[in-house]
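Can you look at this prediction? I've put the sequence above it.
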Amino acid sequence: MSIINLDDNVKQGVLYKRGAGGFLKRKNWKRRYFQLNDGELRYYDTTSGVQKGVVRLSTNDFVEIMPRDCYKTGTSASTEWRLAVNTPSRRFFLSASTEYDMYQWADAITRALPASRRKACANDGHTARPRMCATIYCK
């Protein structure tokens, strides 16, 4: 079991994470506890507290809000407010319980990207909010 240190976290809370598909190619949404700190987004089983995985944020990563290829599923509100964390090896689909939480997580993850990514984006001249430059808004 992992020891969770709450003092060092940039952001923490419960999100739903869509599975990668695995052997049977099922992409179920599971409730996970997330911690964002030191350029890593760690997630844990909400029942046992066991760490299930980690997303190491790099200069090639970016965040999408309401990605077009990840639709709301079923009648549950758990997949209403979606975002995707794109890494070179995988897209991680997450869902927050409210629109406000979705934007808070997107902002926190974007801010956690390595400084070289944020600096490059601040100089691109194409965005009104340089600190959010690694975030793509989809409708």
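Perfect, thanks for sending it. Residues are numbered from 1 along each chain as shown.

Just confirm Thr110 is within a strand.
No. Thr110: not assigned to a strand; according to DSSP: H, G, I helix; E, B strand; the rest coil it is helix.

How confident was the prediction at it?
At Thr110, the model reports a pLDDT of 90.

From Asp101, how far out is it?
To Asp101, Thr110 is 15 Å away according to C-beta to C-beta, to the nearest Å. Any C-beta I mention is one placed from the backbone N, CA and C, and that applies to glycine too.

So if I had to pick from these two, which one is more boxed in?
Neighbours per residue, other C-beta atoms under 10 Å: of Thr110 and Asp101, the larger number sits with Thr110, 22 against 17.

Can you name the next helix or strand after the host helix or strand of Gln35?
Using DSSP states H and E, Gln35 maps to strand 29-37. Per DSSP H and E, the first helix or strand lying C-terminal to strand 29-37 is strand 40-45.

Can you name the next helix or strand after that following strand?
The first helix or strand that comes after strand 40-45 along the chain, using DSSP H and E, is strand 51-56.

Show me what that next one is in contact with.
Strand 51-56 is contacted from outside by 2, 32, 39-45, 85, 87, 92, using C-beta atoms under 8 Å, 6 or more residues apart in numbering.

returning to what we had before: what residues sit buried inside the strand holding Gln35?
29, 32-37 (16 or more other C-beta atoms under 10 Å).

Closest one to Gly13 out of those residues, please.
Phe34 (6.3 Å; C-beta to C-beta).

And the strands in this structure?
For the chain, applying DSSP state E gives strands covering 11-18, 29-37, 40-45, 51-56, 62-65, 81-86, 91-96, 135-137.
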